[in-house]
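**Q** Need a 3D model of the following:
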Amino acid sequence: MSGRIWAVVPAAGVGRRMGAGLPKQYLPLAGRTVIEHTLDRLREHPRICAVVVALAEHDEHFARLPVAASVRIAGGGAQRADSVLAALDAIAGEAGLDDWALVHDAVRPCLHPADLDRLIAEALAHDEGALLAAPVRDTMKLVVDARVQRSVPRDGLWHALTPQMFPLDALRAALLSARHAGEPVTDEAQAMERAGHAPRVVQGRADNIKITRAEDLQLAAFYLSRMECSE
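**A** Next up, the predicted model:
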């Protein structure tokens, strides 16, 4: 199973937790915006045929970026799953039965090319798809009302990262099923799990961070500088 790979980037979030005047994907990072770094990693990969960015309805920022002319645009939704589904709907008429969707967070600008290569290879080798993930290293606590209830064994626990890559039609069907059932899913792997699939896990690098807090920008800038030196 080795059709085309369509990259999907849900970017309709407003980033309220960041507390900035801009959505976090548009914050400055190493001389550009966060999303520009993210998109370049995907656009530069030879196996990706196109990048589709799902934007909020009244987004006033993306069109001003130089990268805007190099990607496709879809309307985003209230939740991540809505945005991904909207992007998949936008390309449904062009996508073949053996095509793939590779979904990546707009605010993960430090994706390493080697991780992307390994994820694509693993997904193409297993028709249930794959995701980047990192094993949990810290002690995990179950907390209710700011009080620890118990420690949770970390054996077998992984942090889900992105990209996540699945057969396009299967992912679209899984997201639609979850929507019709009124069951929220927080990432694409959860939608596929709900549909009875067992995605493969590809261990990703720890520097593939998600920008969620102001201090993450400094860390991302450091990782990007290290990445540029090694390329």
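
**Q** Verify the contact between Cys49 and Gly3 for me.
**A** No: look at Cys49 against Gly3 with CB atoms under 8 Å: they stay out of range, at 9.2 Å. C-betas here are computed from N, CA, C, even on glycine.

**Q** Let me know the helix or strand that Arg41 is in.
**A** Per DSSP states H and E, Arg41 falls inside helix 34-43.

**Q** cool, Leu102 as well?
**A** Judged by DSSP H and E, Leu102 forms part of strand 100-103.

**Q** The lowest-mean-pLDDT helix or strand in the chain relative to helix 34-43, how many degrees between them?
**A** Least confident element among the helices and strands of the chain, by mean pLDDT, DSSP states H and E: helix 214-230 (a mean of 89). Helix 214-230 runs at 40 degrees relative to helix 34-43, counting by axes from the mean of the first three to the mean of the last three CA atoms, to 10 degrees.

**Q** Helix 214-230: which residues count as buried?
**A** Residues of helix 214-230 classed as buried: 216-217, 220-221, 223-224, 227 (neighbour count, 16 or more other CB atoms under 10 Å).

**Q** a markdown table for the residues you listed, including distance to Glu122?
**A** Shown next, in a markdown table, are the buried residues of helix 214-230 (distance: CB to CB, whole Å):
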| residue | distance to Glu122 |
| --- | --- |
| Asp216 | 27 |
| Leu217 | 30 |
| Ala220 | 25 |
| Ala221 | 29 |
| Tyr223 | 23 |
| Leu224 | 25 |
| Met227 | 21 |
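
**Q** ranges for the strands of this structure?
**A** Ranges of strands in the chain, per DSSP state E, are 5-11, 28-29, 32-33, 48-55, 72-75, 100-103, 130-135, 140-144, 147-152, 158-167, 200-203.

**Q** Tell me the spacing between Ala195 and Phe62.
**A** According to CB to CB, to the nearest Å, Ala195 stands 31 Å off from Phe62.

**Q** okay, those two: which has more neighbours?
**A** The neighbour comparison of Ala195 against Phe62 (other CB atoms under 10 Å) goes to Phe62, with 21 against 17.

**Q** for this structure, what are the low-confidence residue spans?
**A** Scanning the chain with the threshold set as pLDDT under 70 gives 1, 15-20, 229-231.

**Q** Apply 90 and report the result again.
**A** The model of the chain has pLDDT under 90 over residues 1-2, 13-22, 127, 226-231.

**Q** Excluding sequence neighbours, find me the nearest residue to Thr139.
**A** Nearest non-adjacent residue to Thr139, counting by CB to CB, 6 or more residues apart in numbering: Ser151, 6.2 Å away.

**Q** what does Leu85 give?
**A** Nearest residue to Leu85, sequence neighbours excluded (CB to CB, 6+ apart): Leu175, at 4.6 Å.

**Q** now the one you found: how far from Glu36?
**A** According to CB to CB, Leu175 and Glu36 sit 27 Å apart.
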